[in-house]
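K.L.:
With the input below, show me the fold.
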Amino acid sequence: MPANMSAILSIFKKHTTPSTILDICKKRAGCIPKLRVDIWGSCVTRDSLEFADNIKINKYCARSSIISAVASPAADDTINMLKLKEDIRPFHRRVIDEDLRKTALRDLDTKNILIVDFIEERVPIGLTLCGTYITYSRVLNKYSSNGKHLLQRMIQPFSDKHIELFLASIDKFAEKIGEQQVFIHKALYAKGERDFKKENEILSLYYERAAKSFSKATIIEVDEALRISNPNHKWGAMPYHYIDAYYRQFLKELSDKSGKNISYRKDFSLHKESAPSRYKKIKKYFSRPYNN
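P.N.:
Okay, the predicted model is just below:
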């Protein structure tokens with residue numbers, strides 16, 4: 001800290017309360033450390049933290065199911081057989097590799113808070129030829145030319161088999177997390193042309209079961225009135241891409257329940273005037289049920 005700033009802070013300590021002007025001065029001097037957070041989940045949590053001014057994400061574990069996370073690592077032969085396209089983004093290469101090798105959790109820091117959501121449980125699970133489970137995510141399907149050839153069976157999301165596997169996996173997942181403070185982001189689907197009743201009932205079951213498994217867990221659920229899909233979200237219209245008010249309310253709940261003073265970025269928004277073209281078939285997505 002610069003010497004002149006130290007002198008200014010000393011004066012404020014003598015004549016003012018530390019919770020107000022001191023914090024402002026420290027922030028301007030770059031002296032207030034950001035709240036460090038780990039994420040296991042999806043864009044619903046990652047997008048929420050975009051609205052925060054003083055949060056640093058340490059590890060973002062994405063595109064992976066709880067079922068896959070606690071399974072055995074895929075055999076080297078299986079991994080070596082996977083052919084990924086050259087134009088794959090580094091982030092997508094990383095999450096695919098972590099899902100196959102089951103290494104995502106090793107970078108979590110027990111000193112950080114961990115925010116968990118289960119929106120990624122919306123994707124199929126693959127039983128590989130080597131006998132382990134992997135997450136057959138959209139990025140794996142998009143960037144691999146032979147991903148399906150590595151599987152002997154595909155398990156659809158929200159099916160009876162998926163529920164069975166998740167409930168058998170969550171305690172093992174909680175053991176891997178250990179004593180880290182967990183905040184469960186109870187993210188659910190927003191209503192569209194379908195009401196997603198089945199999906200939300202199953203996700204609610206998963207969240208409730210997880211709350212019993214983690215040693216230190218607090219559930220955060222945003223009011224249903226704010227659970228509205230934003231057709232102009234920067235990632236496109238999906239039932240888990242919400243309006244800005246949802247994310248701001250989540251941050252308020254996180255701030256209150258964690259006891260941390262989370263500040264907000266002024267005028268920040270995820271709303272875009274034109275949604276990405278890759279979601280042109282959104283009506284079909286909202287109207288068709290999952291095949292179990």
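
K.L.:
tell me the contacts of the closest residue to Ile228 other than its chain neighbours?
P.N.:
If the residues on either side of it in the chain are set aside, Ile228 comes closest to Ile243, at 4.8 Å by CB to CB, 6 or more residues apart in numbering. No exception for glycine: its C-beta is placed from N, CA and C like everyone else's. Residues touching Ile243, when contacts are defined by CB atoms under 8 Å, 6 or more residues apart in numbering, comprise 226, 228-230, 271.

K.L.:
For Phe183, what are phi and psi?
P.N.:
Taking degrees, to the nearest 10, you get phi -120, psi 120 for the backbone angles of Phe183.

K.L.:
try Arg101
P.N.:
When quoted as degrees, to the nearest 10, the phi and psi of Arg101 stand at phi -90, psi -10.

K.L.:
Compute the number of surrounding residues for it.
P.N.:
One way to gauge burial is a neighbour count; for Arg101, by other CB atoms under 10 Å, it gives 13.

K.L.:
Trp235 now?
P.N.:
The criterion is other CB under 10 Å. On that basis, Trp235 has 16 neighbouring residues.

K.L.:
List the contacts of it.
P.N.:
Under the criterion of CB under 8 Å, 6+ apart, the contact partners of Trp235 comprise 43, 47, 241, 270, 276.

K.L.:
Next, work out how far apart it and Ala225 are.
P.N.:
Shown here: Trp235 relative to Ala225, a distance of 22 Å by CB to CB, to the nearest Å.

K.L.:
got it, and Lys161?
P.N.:
With distances defined as CB to CB, the gap from Lys161 to Ala225 amounts to 34 Å.

K.L.:
So between these two, which is more surrounded?
P.N.:
Neighbour totals were compared for Lys161 and Ala225, and Lys161 leads with 13 against 9 (other CB under 10 Å).

K.L.:
ok now do the nearest residue to that one once chain neighbours are set aside, which residues does it touch?
P.N.:
In this structure, Lys161 finds its nearest non-sequential neighbour in Ile155, 5.1 Å apart by CB to CB, 6+ apart. Residues in contact with Ile155, defined by CB under 8 Å, 6+ apart, are 124-127, 133, 161-162, 165.

K.L.:
Please report the distance of Ile155 from Met238.
P.N.:
Looking at Ile155 against Met238, where the rule is CB to CB, the gap reads 22 Å.

K.L.:
What ranges does the stretch 1-150 of the chain have for its helices?
P.N.:
Applying DSSP state H, counting those that start in this stretch to the stretch 1-150 of the chain gives helices spanning 3-15, 23-28, 43-50, 66-69, 76-81, 90-101, 138-143.

K.L.:
Can you identify each of the strands in the stretch 51-200 of the chain by residue range?
P.N.:
Applying DSSP state E, counting those that start in this stretch to the stretch 51-200 of the chain gives strands spanning 55-62, 113-116, 125-128, 133-135, 151-155, 182-185.

K.L.:
want to throw these into CSV with mean pLDDT and distance to Asp77?
P.N.:
Putting the strands of the stretch 51-200 of the chain into CSV (pLDDT from 0 to 100; distance: least, CB to CB, whole Å) gives the following:
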stretch, mean pLDDT, distance to Asp77
strand 55-62, 97, 25
strand 113-116, 98, 32
strand 125-128, 97, 10
strand 133-135, 98, 14
strand 151-155, 96, 14
strand 182-185, 98, 35
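
K.L.:
that older thread, in ChimeraX, how would I select the buried members of the contacts of Ile155?
P.N.:
Command for ChimeraX that selects the buried part of the contacts of Ile155, burial taken from 16 or more other CB atoms under 10 Å:
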select :124,125,126,127,133,162,165
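
K.L.:
Return the member of the contacts of Ile155 nearest to Ile79.
P.N.:
Minimum distance to Ile79 across the contacts of Ile155 is 13.3 Å, recorded for Gly126 (CB to CB).

K.L.:
The closest one and His149 touch, don't they?
P.N.:
No - the pair formed by Gly126 and His149 falls short of the contact definition of CB atoms under 8 Å, at 10.8 Å.

K.L.:
Please name the residues that touch Tyr246.
P.N.:
Neighbouring residues of Tyr246 by CB under 8 Å, 6+ apart: 48, 222, 226-228.

K.L.:
typo on my end, it should be Tyr264
P.N.:
Taking CB under 8 Å, 6+ apart, we find Tyr264 in contact with 51-53, 248, 251.

K.L.:
Just the buried subset of the contacts of Ile243, please.
P.N.:
With neighbours counted by 16+ other CB under 10 Å, the contacts of Ile243 contain buried members at 226, 228-230.

K.L.:
which intervals of the stretch 1-150 of the chain have sub-threshold pLDDT?
P.N.:
Flagging of the stretch 1-150 of the chain using pLDDT under 70 yields the residue ranges 1-33.
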